[in-house]
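Trainee: Build me a model:
(2 chains)
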Amino acid sequence: MTGLGAITPLGHTVAATWEGLKAGRCGVSTLSLFDASTFETRIGGEVKNFSPEQARRQAPAEVAEALDRKNAFGWVAAQEAFADAGLGNGAGAAGIESSRLGIALGTEGRRDSLLPELAQRKLRATDLVERRSVLAQVPAWEYLRYSPYGLAYALAAQFGARGPITTISTACTSSSQAIGYALDKIRHGEADIMLAGGAECLMEPTMVAGFILLGALSKNNDNPAGASRPFDRERDGFVLAEGGAMLVLEDAWHAYRRGARIHAELAGFGTSINAYRITDSPPDGQGPLIAMKAALEDAGLTPFEVDYINAHGTSTIQNDASETMAIKRCFGERAARIPVSSTKSMTGHMVNAAGAIEAIISTLAIQHSYIPPTINYEHPDPACDLDYVPNHGRTQSLRTVVSNSFGFGGSNGSLVFRAYEP
Amino acid sequence: MTPHRVAITGVGLVSPLGHTPSALWQALAEGRSGVGTLEHLGLEAYRTRIGGAVRDFQPRQFISDPKTLKLMTRPVRLGVAALELAVRDAQLGESAPGTPPAGLDPARIASFVGSPGHAGDRDELLRALDLSYGTEGLDLGIFGADGIATINPLWLLKSLANLVLYFVSMRLGAQGPNANICMSGTGGLMAVGEAFHCIRHGRADVAVAGGYESLLDEERLESFEPSGLLYLGNGTAAGASRPFDRGHAGFVAAEGGAFVVLEEMERARARGARVYGELRGYGSAATGLGGRPNDSAEGFAGAMQAALADARLEAWDLDAVYAQGLAVAESDRAEAQALKQVLTSRSAYTPVTAVKSYTGNLLAGSGPLELIAALGALAPGGAVPAILNCEHPDPDLGLDYVRGSARAGAFRRAMVNASGLGGTTASLIVEQVAEQVRA
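Mentor: Next comes the predicted model:
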């Protein structure tokens, strides 16, 4: 990993986000992007002081038109990641061949965002003829903003990527799988460099409504900063968050030859699917267990070598218990001695971008020898009895870190990171 | 580790050309189009009456539980039906939902799906929004207090991008490697390619892979209409889809699903499975900063070359090409140029066909469907179908477009191309096996 970029509820850069995590700060607040005052849940992790116009002004015209709020997060994070890797121009940088540069993203399209727009124009959405006359005025390629692949297309254009490009949508596991996909492409020689990551923005009335209807969100509206409380007995659901997170992955020899700084090594990836229920976590943790085991095997490591687990830890009753069970089954008696923390307690749940931001946090934890805490941890839950690094981070040297992602639909992804040794 | 060989042991489709591989192969051999008029779908506001619809589709044959059926939009039903047919066809053995057939390790069953992405039941949302109007238009206060409660609680799940992937996992109790790829018209072929690599590299024994889409509803047509890529004429239905013809008038909106079951070759042989063909190579590439459509000769050529390199084959090893053939002038020209460049001196002798001239564009469903079409050519007695409506080849470039009637011959290997609006192309190479299934 030679480049990192992030824009999160904790800040507009990787450094700002890391400072927030070290301070144990929470990025969750009362929703301000739309009037949610009568919604059952009216809190979320918003990226503050940001407008997609900022990104649109800087991007080339044909890229700018694809940048809605979600894609603008991805674009901003990708800019930072490439700059961090010393490849500000992407394939335009010296010695970088466009056909050897690829992109793998975890994100989704959101056609429904058009509906409130139509409604604001006082159009009855059910009035077909009028609706169509409004849609006819939408610029021809604006649908790139709403399609799942619009961001991949825009970033490929921006950075001149002509290698393998993909977009994976498996809800909360999307960007973890995208990073795994990128690892695969580099290992099998299809690319030298892959930009991998995710972007998310669910702060729309209809999407928040959808999650409310599923009963998935915390209703702790009176205490926004305390709402995301993974592994705590009083947890009552996850907190939606938005943002973008991107990583530049590079063949190690390629990175070495060009003198790039290497943050850490992406050592392994494992993926699985629960084949259980659409939204529920399996109580036996079987699916997550398969993913963790596969990732360790892929990295050529054993459970003995893991120093820290960045948990999926969504703050739902089921997920946190299921994940705890999976960790116990994977690591046996060692499980109690491995620090496990959920940084979603501070960032909220960035859904499609969650795997990518947590990959970055895992990398930074290795680099800075620091384990970020699980904040808001007050009441131990008998179903969750591991060392969750409660409320205070720890300085500790780390060689191997595992990061988990589990999602609606049942897909799971686990990534293994190692301190880089030439 | 020696790479494993990968066999296709099951195919399933619900398409404008029927629901069985033999129906598909027969229609292609006879030059019979699946494009027709759409009166039955009630698309009053759509500017054309022509599309590639799936007919005689009874979802209850594939999804018995009424509650589960209610959770599925039409494209999802098409996808689930196609995967069900593929799994039945592979005869992997019976099993209860969420559990694998005997002898299969759930962690080594992979599932890869090419999906249109998040696609909800808009009507349901519209009703709730309609109830939430105050004097100043949409009032989110009313929506939050009263509107939300009128929506089906499972509305969001119904729109889940990876819903078909979930149903794949349930059908076979698959718990292994998986992904849901949302790359427009390329997604389905990429899903098959990724599943192929997964078995080749020893990460799975069996995989279910494919794609699905339905463009035949108001919302999808609305979103594609401004692109200028859709066929919006009202000529004869069978003459609407014209890939590589001077009269290319845009792609015909269509729908359907197609899935394959892939299996490690030795395992397939050991259980006496019927083998439709062997996957040899897969590659994908981006088209670069694109025109519109986002197809470029470099993109097509990049994917084809990557697939050939992956298969350790040369262009002269290919006996037929199942082209993307979008029936959009810029895209067809880019692909033809790429074929000329990749096939070099063989370009005049390698038959090129375009299945979309029969079906229209199923987007994520097209790649897997065209792969199944190609299996028909590899079989003894097989043939490469003619491109329908290819009266005045454009661009000509001296390519061997199959025209008039199907081309009989011995075809050992075929390449299938796919491209999509997201600016990605993919190519897959499939090869005949000794015990090839008859067409």
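Trainee: from here on, contacts and neighbour counts on C-alpha atoms
Mentor: Fine.
Trainee: tally of neighbours for residue 216?
Mentor: I went with chain A, as the question did not name one. By other C-alpha atoms under 10 Å in any protein chain shown, 18 other residues sit near A:A216.
Trainee: was after chain B, sorry
Mentor: Residues lying near B:L216 (other C-alpha under 10 Å) number 25.
Trainee: Ramachandran angles for it?
Mentor: Backbone geometry at B:L216, expressed as degrees, to the nearest 10, gives phi -90, psi 60.
Trainee: ok, now which ones touch A:S228?
Mentor: Each residue near A:S228 by C-alpha atoms under 8 Å, 6 or more residues apart in numbering or on different chains is listed here: A:218, A:235, A:237-239, A:314-315, A:344-346, A:348, A:376.
Trainee: Among those residues, which one lies nearest to B:I181?
Mentor: In terms of C-alpha to C-alpha, no member of those lies closer to B:I181 than A:T314, at 24.2 Å.
Trainee: For the residue nearest to the closest one when sequence neighbours are not counted, give me phi and psi.
Mentor: Among residues not flanking A:T314 along the chain, A:F238 sits closest, at 5.4 Å (C-alpha to C-alpha, 6 or more residues apart in numbering or on different chains). When read as degrees, to the nearest 10, the backbone of A:F238 gives phi -90, psi 170.
Trainee: Any idea what A:F238 is bridged to?
Mentor: Here A:F238 sits in beta bridges with A:L217, going by DSSP bridges.
Trainee: close enough to count as contact, it and A:G348?
Mentor: Yes - using C-alpha atoms under 8 Å, A:F238 and A:G348 qualify as a contacting pair, with a distance of 7.3 Å.
Trainee: higher neighbour count, these two?
Mentor: The residue with more neighbours, out of A:F238 and A:G348, is A:G348; 30 against 27, by other C-alpha under 10 Å.
Trainee: From B:E263, how far out is that one?
Mentor: A:G348 is 41 Å from B:E263, where distance means C-alpha to C-alpha, to the nearest Å.
Trainee: In contact with the residue nearest to A:T314, which residues?
Mentor: Counting by C-alpha under 8 Å, 6+ apart, A:F238 has contacts A:216-218, A:227-228, A:314-316, A:348-349.
Trainee: so who does the residue in the stretch 301-439 of chain B positioned nearest to chain A touch?
Mentor: Here the stretch 301-439 of chain B gets closest to chain A at one residue, B:G422, 5.2 Å apart by C-alpha to the nearest C-alpha. By C-alpha under 8 Å, 6+ apart, the contact list for B:G422 reads A:149-150, A:152-153, B:183-184, B:294.
Trainee: buried subset of those?
Mentor: A:149-150, A:152-153, B:183-184, B:294 (16 or more other C-alpha atoms under 10 Å in any protein chain shown).
Trainee: Name the nearest of those residues relative to B:D396.
Mentor: The closest of the buried ones among the contacts of B:G422 to B:D396 turns out to be B:N294 (C-alpha to C-alpha; 21.3 Å).
Trainee: In three-state terms, how would that closest one be classified?
Mentor: Recorded secondary structure, B:N294: coil (DSSP: H, G, I helix; E, B strand; the rest coil).
Trainee: For the closest residue to it other than its chain neighbours, give me the pLDDT.
Mentor: Spatially, and ignoring its direct neighbours in sequence, B:N294 is nearest to B:G423 (5.0 Å; C-alpha to C-alpha, 6+ apart). B:G423 is assigned 83 on the pLDDT scale.
Trainee: burial of B:G423, as a residue count?
Mentor: Using other C-alpha under 10 Å, B:G423 has 33 other residues around it.
Trainee: can you pull the contacts of the residue nearest the centre of chain B?
Mentor: Residue closest to the average C-alpha location in chain B (C-alpha atoms, centre = their mean): B:G365, at 2.3 Å. By C-alpha under 8 Å, 6+ apart, B:G365 lies in contact with B:114, B:185, B:188, B:210-213, B:255-258.
Trainee: tell me which strands and helices the host helix or strand of B:D310 is in contact with?
Mentor: Element membership for B:D310 (DSSP states H and E) is helix B:297-311. The elements that helix B:297-311 packs onto, with contact taken as 3 or more C-alpha pairs under 8 Å, 6 or more residues apart in numbering or on different chains; DSSP states H and E, are strand B:277-286, helix B:329-343, strand B:413-419, strand B:424-431.
Trainee: so which of these is the most packed in?
Mentor: Mean neighbours per residue, mean count of other C-alpha atoms under 10 Å in any protein chain shown, is largest over the helices and strands packed on helix B:297-311 for strand B:424-431, with a mean of 30.
Trainee: Run me through the strand neighbours of that one, direction for each.
Mentor: strand B:277-286 (antiparallel), strand B:413-419 (antiparallel).
Trainee: what's the distance between the residue of chain B most remote from its centre and chain A?
Mentor: Outermost residue of chain B with respect to the C-alpha centroid, by C-alpha atoms, centre = their mean, is B:T135; its distance is 46.5 Å. As judged by C-alpha to the nearest C-alpha, to the nearest Å, B:T135 and chain A stand 9 Å apart.
Trainee: phi, psi of that residue?
Mentor: Phi and psi for B:T135, reported as degrees, to the nearest 10, are phi -70, psi -20.
Trainee: Excluding chain neighbours, what is closest to A:L415?
Mentor: Spatially, and ignoring its direct neighbours in sequence, A:L415 is nearest to A:F269 (4.6 Å; C-alpha to C-alpha, 6+ apart).
Trainee: can I see the domain layout of chain B?
Mentor: In terms of domains, chain B is parsed into B:7-120+B:159-431, B:122-155 (source: automatic domain parsing).
Trainee: Would you mind checking the average pLDDT for the shortest one?
Mentor: Okay, so that is domain B:122-155. Mean pLDDT, domain B:122-155: 88.
Trainee: Okay, now that domain: how far is its last residue from its first?
Mentor: Its first and final residues considered, domain B:122-155 spans 9 Å by C-alpha to C-alpha.
Trainee: swap in the longest one?
Mentor: With C-alpha to C-alpha applied, domain B:7-120+B:159-431 spans 10 Å between its terminal residues.
Trainee: Let me know the average pLDDT across the helix or strand following the helix holding B:D310.
Mentor: For helix B:297-311, the following helix or strand on the C-terminal side (DSSP H and E) is strand B:320-322. The average pLDDT for strand B:320-322 rounds to 98.
Trainee: contact partners of strand B:320-322?
Mentor: Taking C-alpha under 8 Å, 6+ apart as the rule, strand B:320-322 contacts B:350-355, B:370-371, B:374, B:384, B:411, B:413-417.
Trainee: Swap in 6 Å and give it another go.
Mentor: Outside strand B:320-322, the residues within contact range by C-alpha atoms under 6 Å, 6 or more residues apart in numbering or on different chains are B:350-354, B:414-416.
Trainee: Give me the sheet partners of that strand and which way each runs.
Mentor: Counting by DSSP bridges, the strands paired with strand B:320-322 are strand B:351-353 (parallel), strand B:413-419 (parallel).
Trainee: Next, format these as TSV and append mean pLDDT.
Mentor: What follows is the strands paired with strand B:320-322, written out as TSV (pLDDT from 0 to 100):
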stretch	mean pLDDT
strand B:351-353	98
strand B:413-419	97
